[in-house]
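[1] Next come a sequence and a model predicted from it.
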Amino acid sequence: APAIWWVRKDLRLGDNAALTDAARLGPVLPVFILDEVFQEYGACPLWRFGLGVAHLARTLEAAGSRLILRRGPAADVLSGLCRETGAAAVRWSRAYDPDQVARDRGVKAALDEQGIDAASLPGHVLFEPWTVETGGGGYYKVYSPFWRSVRDRDVGRQLPRPDFAVPVRWPESETLEDWNLAGPMRRGADVVEPHLTVGEDRAASRLDAFVVHRLDGYKESRDVVAEDGTSGLSENLAWGEISPRACWHAGMQAVDDGRAGAETFLKELAWREFGYHLVWHTPRLVSANWREGWDSFPWNEDERRAEVTAWTQGRTGVAFVDAAMREMFVTGRMHNRARMIVASYLTKHLMAHWRIGQRWFEHCLCDWDPASNALGWQWTAGSGPDAAPYFRIFNPQTQADRFDPKGVYRDRWIAEGRDAPTETALSYFDSIPKRWGMSPGDAYPEPVVALDEGRARALAAYEKRNF
Ligand code: FAD
């Protein structure tokens, strides 16, 4: 009887425990479901996910297999497919964020009831959240001790791509064209696509190229926003086109080889782990103030406020912030340093609720990740675990002087007021909706809030807060 490999955010054949286990059990029936969780994803993540799924489908076809596509509640689809094909087992890569956990529990219960052998396997993170414990037996709320407790752990060997048999008969499949996952992207998709690196093979090459060319300078250049100093792997990790274990091994090998930057890279991977550790132990991280004391803080929750619109549209009049917001809209990603600056600006200078920013990122990022995004927002806003002191307010101007000293990043992304705008800056205007009413010939906007005024306002609000 076939074994279903329920494909989710694990779009790879190598180092995939779920696929490997399914292959052991019988002919493998790979199934992707546009289910109740995935169909709610933001425009860019959903579209990028679809590109990854299409790529995996092609890889499977080249190997003589197929990817069956179905739409609907995952439990119903999988139960139905088991009946239809006689599949006796279902395997999937474990998820840790609350939406997926709830769905997966429902699936497991439904399949158990049907007598199907249903199981999840690890692979999306390196360290199962419940296996990392403090001396007192609790979970970690602070990053540094978390890092110390995982850094020397054995993460096991990578699994090779398994050989797998294919079913004799294939069930019907829907098509990605039917789903039109690019729909919500409107005209933006053409602009974003050249900036993407889709698929397992390209993800592996990306890791190799990073280790060869950029790792030695990583510690310093990872903060220089105009430089391509980081790995870019978040895009592939988000969709499982590379395993965190492959990245970890590469980092460990580089440590052994005495390469500068290697430890820093491992520490960043551990931040991703920390995000999942926290989301598992405190699922509210994705939806509510992690520190409940912040619930009474007077954040402005009006998403339609003019200043907030200026932020999403990259026209706050603060060039570093605007450059970063445009980078995200055009490329589906944003430099980490810039993410912190725009998040600080939104939640502090504009006093907007961090959830507004979290949602916009969720709409725009091709590397959107529920845990890292929530942690990044709450960390910056001050309401999260291991947060920067809440009263630390990044000054976008000083940050620009430091991390974009020659203004290369700002020139790359801002066209208004420039004699010869870069092509990249102009491409922003091809991607944004017409109704935003922006054009490259406009005057560059005046700041929506003076930096010192915004800062003073936030500090005054913090002072009144009852800690
Ligand atoms: P590299 O510097 O090459 O780092 C290697 C890997 O380490 C990354 O691919 C990523 O998996 C992990 N990593 C690095 N920094 C962080 C971090 N601060 N937190 C968690 N993991 C990290 N990351 C996402 O993957 N998806 C998100 O939706 C996301 N939203 C964010 C929102 C905010 C407000 C902030 C401040 C950060 C957010 N991050 C998010 C974290 C970080 O900005 C990105 O992971 C990083 O920019 C990815 O680029 P890279 O792959 O080149 O990173």
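    Yep, it's here. These numbers come from a predicted model, not from an experiment. Residues are numbered from 1 along each chain as shown.
[2] contacting residues for the residue lying closest to residue 399 once chain neighbours are set aside?
    With sequence-adjacent residues excluded and distances taken as CB to CB, 6 or more residues apart in numbering, residue 399 is closest to residue 341, at 5.3 Å. For glycine as for every other residue, the C-beta is placed from the backbone atoms N, C-alpha and C. Going by CB atoms under 8 Å, 6 or more residues apart in numbering, residue 341 touches 320, 321, 324, 394, 396, 399.
[3] For residue 341, identify the helix or strand it belongs to.
    For residue 341, the element it lies in under DSSP states H and E is helix 336-344.
[4] For that helix, buried residues please.
    Neighbour-count burial for helix 336-344 flags 336, 337, 338, 339, 340, 341, 342, 343, 344 (criterion: 16 or more other CB atoms under 10 Å).
[5] residues near the residue lying closest to residue 146 once chain neighbours are set aside, how many?
    Of all residues not flanking residue 146 in the chain, residue 140 sits nearest, at 3.9 Å (CB to CB, 6+ apart). Residue 140: 22 surrounding residues under other CB atoms under 10 Å.
[6] go on, the one 5 residues further on?
    Other residues near residue 145 come to 14 when the count uses other CB under 10 Å.
[7] re earlier: retrieve the pLDDT associated with the residue nearest to residue 399.
    We have a pLDDT of 97 for residue 341.
[8] on that earlier part again, pick out the most distant pair among the contacts of residue 341.
    324 and 394 (11.8 Å; CB to CB).
[9] which of the two has more neighbours?
    Neighbours per residue (other CB under 10 Å) separate residue 324 from residue 394, with residue 324 holding more: 28 against 21.
[10] Was I right to think that one contacts residue 336?
    No - judged on CB atoms under 8 Å, residue 324 makes no contact with residue 336 at a distance of 10.5 Å.
[11] How much space separates the residue in the chain that the ligand sits nearest to from residue 327?
    The chain approaches the ligand most closely through residue 376 (2.4 Å), counting by CB to the nearest ligand atom. Separation of residue 376 from residue 327 (CB to CB, to the nearest Å): 16 Å.
[12] same thing with residue 115?
    Taken as CB to CB, the span from residue 115 to residue 327 is 51 Å.
[13] Tell me which of those two has more neighbours.
    residue 327 (23 against 9).
[14] ok, which residues in the stretch 151-300 of the chain are in contact with the ligand?
    Within reach of the ligand by CB under 6 Å from any ligand atom, the stretch 151-300 of the chain has these residues: 222, 230-234, 237-238, 268-269, 271-272, 275.
[15] which residues does residue 397 contact?
    318, 320, 451.
[16] how about the nearest residue to the residue sitting furthest away from the middle of the chain, chain neighbours excluded?
    Going by CA atoms, centre = their mean, the residue of the chain most distant from its centre is residue 168, 37.1 Å out. Nearest residue to residue 168, sequence neighbours excluded (CB to CB, 6+ apart): residue 27, at 7.4 Å.
[17] I'd say the one you found and residue 166 touch.
    Yes - using CB under 8 Å, residue 27 is in contact with residue 166, at 5.6 Å.
[18] so what's in contact with the two at the same time?
    With CB under 8 Å, 6+ apart, residue 27 and residue 166 have no common neighbours.
[19] Am I right that the residue of the chain closest to the ligand sits in a helix?
    Yes - per DSSP: H, G, I helix; E, B strand; the rest coil, residue 376 lies within a helix segment.
[20] what's the neighbour count on it?
    22.
[21] Setting the sequence-adjacent residues aside, check what's closest to it.
    That would be residue 339: by CB to CB, 6+ apart, it lies 6.0 Å from residue 376.
[22] need the contact list for that neighbour.
    By CB under 8 Å, 6+ apart, the residues touching residue 339 are 324, 361, 376, 380.
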